[in-house]
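Asker: with the input below, show me the fold.
(one chain, ligands or ions: 1)
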Amino acid sequence: MPASAVVTLLSKPVHEIPSGSLAELRRAAGSCRACPLWKPATQTVFGAGPEKAHIVLIGEQPGDQEDRQGLPFVGPAGRLLDQALEAARLDRAALYVTNTMKHFKFEQRGKVRLHKRANAAEQAACRMWLAGELARLQPDLIVALGAMAAQTVFGATFSVTRERGRWRRLGEAAQGMATWHPSAILRAPEENRKQQYAELVTDLRGLAARAGVR
Ligand code: SF4
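Answerer: Numbering: from 1, shown residues only. Here you go, the predicted model:
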């Protein structure tokens, strides 16, 4: 796929998309040094899922467990995502799941590693990997989980609170939607958590309906 076609799936231009297959891209990302986040992290956390997946879920950044295991959405947020996918009758094994950022950013506080949000320069440096994944996969349906992913796909003014669950055209053939990130639900005040989870499931049911899952 030419680079110009990929740019239409992300809100900001990506000028240099790494070449090669998805497996080659994964290997290359394993030694990426394009921003400082690789140094304190354990490993690159690239996307996971079938190369022929028609649906791509994009999260924000790997967390503590993802950094240790080298896989996306395997910590508490991943478990909540699995639960929501099951409720929406979506099979995670058929989806490609990735993150906007490929390294865990954190602040060490004693023995605990506290998640820190990647800054604009780090996000810009890492965008080539997500662009590369989308270029290889050419998905029909893209779901952004949380503000960082949503703004990467739909633009800096996108608000998940206002616009979640609404599908938009992305490029020539794809469609995209944004919804709550499972970690935001886990961090939400008790009184909002149940409702946000129900909204996540509703949005994923919308995804299932578009994907023709019965
Ligand atoms: S966070 Fe992204 S850009 Fe930065 S080193 Fe890791 S893979 Fe490269």
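Asker: so where do the helices sit in the chain?
Answerer: Secondary structure of the chain by DSSP state H: the helices cover 3-7, 22-29, 64-69, 76-87, 120-137, 147-154, 160-163, 182-187, 190-211.
Asker: burial-wise, tell me which of the ones you listed comes out on top.
Answerer: Comparing the helices of the chain by mean neighbour count (mean count of other C-beta atoms under 10 Å), helix 147-154 ranks first with a mean of 23. (Glycine included, C-beta is placed from N, CA and C.)
Asker: hang on, the earlier thing: residue 112 is nearest to which of the helices of the chain?
Answerer: For residue 112, the closest of these is helix 64-69, at 8.5 Å, according to C-beta to C-beta.
Asker: center of this structure - which residue?
Answerer: Centroid-nearest residue in the chain: residue 58, 1.8 Å away (criterion: C-alpha atoms, centre = their mean).
Asker: format the helices of the chain as CSV; extra columns: distance to residue 105.
Answerer: CSV is the format used below for the helices of the chain (distance: least, C-beta to C-beta, whole Å):
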stretch, distance to residue 105
helix 3-7, 25
helix 22-29, 16
helix 64-69, 10
helix 76-87, 15
helix 120-137, 7
helix 147-154, 11
helix 160-163, 20
helix 182-187, 14
helix 190-211, 24
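Asker: identify whichever of those lies nearest to residue 47.
Answerer: Shortest distance between residue 47 and the helices of the chain, using C-beta to C-beta, is found for helix 120-137: 5.2 Å.
Asker: packing partners of the closest one?
Answerer: Judged by 3 or more C-beta pairs under 8 Å, 6 or more residues apart in numbering; DSSP states H and E, helix 120-137 is in contact with helix 3-7, helix 22-29, strand 55-59, strand 96-99, helix 147-154.
Asker: quick check: bridge partners of the residue nearest to the centre of the chain?
Answerer: residue 98, residue 144 (DSSP bridges).
Asker: give the contact list for it.
Answerer: Contacts for residue 58 (C-beta atoms under 8 Å, 6 or more residues apart in numbering) come out as 98-100, 130, 142-145, 149, 152-153.
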